[in-house]
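>>> Requesting a structural model of the entry that follows:
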Amino acid sequence: MKGPFERPFEAGHHYEVTPDEIEALVQSLHSMELPVLTISTFPQYEGGDVYAFTLTAPDGAGAEGKHRLFISRPHAHEPAGTAACTELLKALLGLGDCAEGGEAWRRWVLDHFVLTLVPDANPGGSRRAPVKFRDGSEISNEQFFLWMFGESGEEPGARFPRVPAWDAREVTPPALVGITCEQIDSYLFVEPNRDTRSTFFRSFFELDKLHDYEVWLDLHQTEFIGSDRNAEMHLPTCQDELPETMATRHRELGEAIHASWRQAGGNPKEAPVVPYRTNEEQRAFLTKVWEPVSKTKVHLVTEVQNNHPRTPVPLQVHLQLAAILETMRWMVRRKA
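Residues are numbered from 1 along each chain as shown. Prediction:
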């Protein structure tokens, strides 16, 4: 069944993306009687909360008969994934611009899925973001990268090294802490999707005990510097080492999302890829964390273009939504 997001939102559409906007949305939802929604809260060390929204119809088929899908956005500098999650959340609750005429679709999703959305797994990092969205009209990529990863405390203007974690007692602290980082104690900072101590992973592990998700879709963005493309699916870095059944499932879903992006007006690369094949250090970081997940669940990463006028904000969000909706359709087809 097709969803309500047939075309991109109009320019100027208001998206709930910032931590304050998500907090306001949560407070609004708490004031309603919504039996299809459970909100789980995971506090961060820095203050603020990570919210997980789980949606499913309480009546009808039991949870054991439903598809179980976890969707998250780990990086604070990649806002289109957050916007896609909050728009989907509102649509499934009959709220916002996509509410009218969508009752049959909402009922289908809620009857067939246990769906968990984590729109922002690092609001502490998001609060340090200098702007809400990046479309390439204001910010150079070099400046953007300094905000993302941080500025060296030893060499002004140079990026702080990209590592899964760093301890302020053991390194020269950055002159500017990157918005990618999450602080998890007095001294320790982690990149959320590269260290299992992050609130990102904590939210998944706790909720997976309840729901045993089949698919985990991570919503990311990148700049596609030097490329004419604006979307790409990343397979696990351990794809070649996965059991054949799991490797096939990962590849099939990635290919289905690429096809959906072409229909949605995107220009994805020819096929999903295994990232970091030529960067053994980064590959090792990711494989260490993700291989245990990818052996038992389909875990894929969207990459939608950020900070480029070729892919304006409404298209960024539209492509993330297209990936989510195609994932649902693929899960239903695979079990049909």
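
>>> Give me the pLDDT value at residue 329.
Confidence at residue 329, expressed as pLDDT, is 96.

>>> where's it relative to residue 183, distance?
Between residue 329 and residue 183 the computed distance is 39 Å (C-beta to C-beta, to the nearest Å). Where C-beta positions appear, they are placed from N, C-alpha and C, glycine not excepted.

>>> ok, now residue 83?
Note on residue 83: its distance to residue 183, by C-beta to C-beta, is 25 Å.

>>> between those two, who's got more neighbours?
Comparing residue 83 with residue 183 by neighbour count (other C-beta atoms under 10 Å), the higher total belongs to residue 83, at 28 against 18.

>>> quick one: that one and residue 18 touch, right?
No - the pair residue 83 / residue 18 is not scored as a contact, 10.5 Å apart, by C-beta atoms under 8 Å.

>>> what's near enough to touch residue 179?
If you count contacts by C-beta atoms under 8 Å, 6 or more residues apart in numbering, residue 179 has them with 76, 77, 125, 126, 128, 129, 147, 148.

>>> How about residue 44?
Contacts of residue 44 (C-beta under 8 Å, 6+ apart): 50, 122, 123, 124, 182, 183, 184, 199.

>>> Sticking with the closest residue to residue 212 other than its chain neighbours, tell me its helix or strand.
Among residues not flanking residue 212 along the chain, residue 68 sits closest, at 6.2 Å (C-beta to C-beta, 6 or more residues apart in numbering). Element membership for residue 68, per DSSP states H and E: strand 67-72.

>>> other SSEs contacting that strand?
Helices and strands touching strand 67-72, by 3 or more C-beta pairs under 8 Å, 6 or more residues apart in numbering; DSSP states H and E, are strand 113-118, helix 199-211, strand 215-222, helix 313-335.

>>> pLDDT on the next helix or strand after the shortest one, on average?
Okay, so that is strand 113-118. Downstream of strand 113-118, the next assigned helix or strand under DSSP H and E is helix 123-126. For helix 123-126, mean pLDDT rounds to 96.

>>> for helix 123-126, the distance to its chain's centre please.
14 Å (C-alpha atoms, centre = their mean, to the nearest Å).

>>> same deal with stretch 274-289?
Relative to the chain's own centre, stretch 274-289 is displaced by 19 Å; criterion: C-alpha atoms, centre = their mean.

>>> which residues sit against that stretch?
Residues outside stretch 274-289 that contact it (C-beta under 8 Å, 6+ apart): 162-164, 193-196, 201, 234-240, 301.

>>> do that again at 6 Å, thanks
Residues outside stretch 274-289 that contact it (C-beta atoms under 6 Å, 6 or more residues apart in numbering) are 164, 194, 234, 235, 237, 238, 239.

>>> can I get the residues you listed in CSV with secondary structure?
Shown next, in CSV, are those (DSSP: H, G, I helix; E, B strand; the rest coil):
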residue, secondary structure
164, coil
194, helix
234, strand
235, coil
237, coil
238, coil
239, helix
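
>>> Next, format those residues as JSON lines and append neighbour count, distance to residue 97 and pLDDT.
Putting the contacts of stretch 274-289 into JSON lines (neighbours: other C-beta atoms under 10 Å; distance: C-beta to C-beta, whole Å; pLDDT from 0 to 100) gives the following:
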{"residue": "164", "neighbour count": "19", "distance to residue 97": "39", "pLDDT": "94"}
{"residue": "194", "neighbour count": "21", "distance to residue 97": "35", "pLDDT": "95"}
{"residue": "234", "neighbour count": "22", "distance to residue 97": "30", "pLDDT": "98"}
{"residue": "235", "neighbour count": "23", "distance to residue 97": "34", "pLDDT": "98"}
{"residue": "237", "neighbour count": "24", "distance to residue 97": "38", "pLDDT": "97"}
{"residue": "238", "neighbour count": "21", "distance to residue 97": "40", "pLDDT": "96"}
{"residue": "239", "neighbour count": "20", "distance to residue 97": "38", "pLDDT": "97"}
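
>>> In terms of distance to residue 36, which of the residues you listed ranks first?
Among those, residue 234 lies closest to residue 36 (C-beta to C-beta), at 31.3 Å.

>>> Return the distance of that closest one relative to residue 218.
Counting by C-beta to C-beta, the gap from residue 234 to residue 218 is 9 Å.

>>> residues bridging contact with these two, i.e. touching both?
Common neighbours of residue 234 and residue 218 (C-beta under 6 Å, 6+ apart) are residue 301.

>>> does residue 299 really touch residue 216, like I thought?
Yes - in terms of C-beta atoms under 6 Å, residue 299 counts as a neighbour of residue 216; the distance is 4.4 Å.

>>> what are the ranges of the helices in the chain?
For the chain, applying DSSP state H gives helices covering 19-30, 79-92, 103-112, 123-126, 141-149, 199-211, 244-263, 280-294, 313-335.

>>> would you list the ones you listed in TSV and tack on distance to residue 45?
Conversion of those to TSV gives the following (distance: least, C-beta to C-beta, whole Å):
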stretch	distance to residue 45
helix 19-30	15
helix 79-92	21
helix 103-112	34
helix 123-126	8
helix 141-149	20
helix 199-211	8
helix 244-263	33
helix 280-294	20
helix 313-335	28
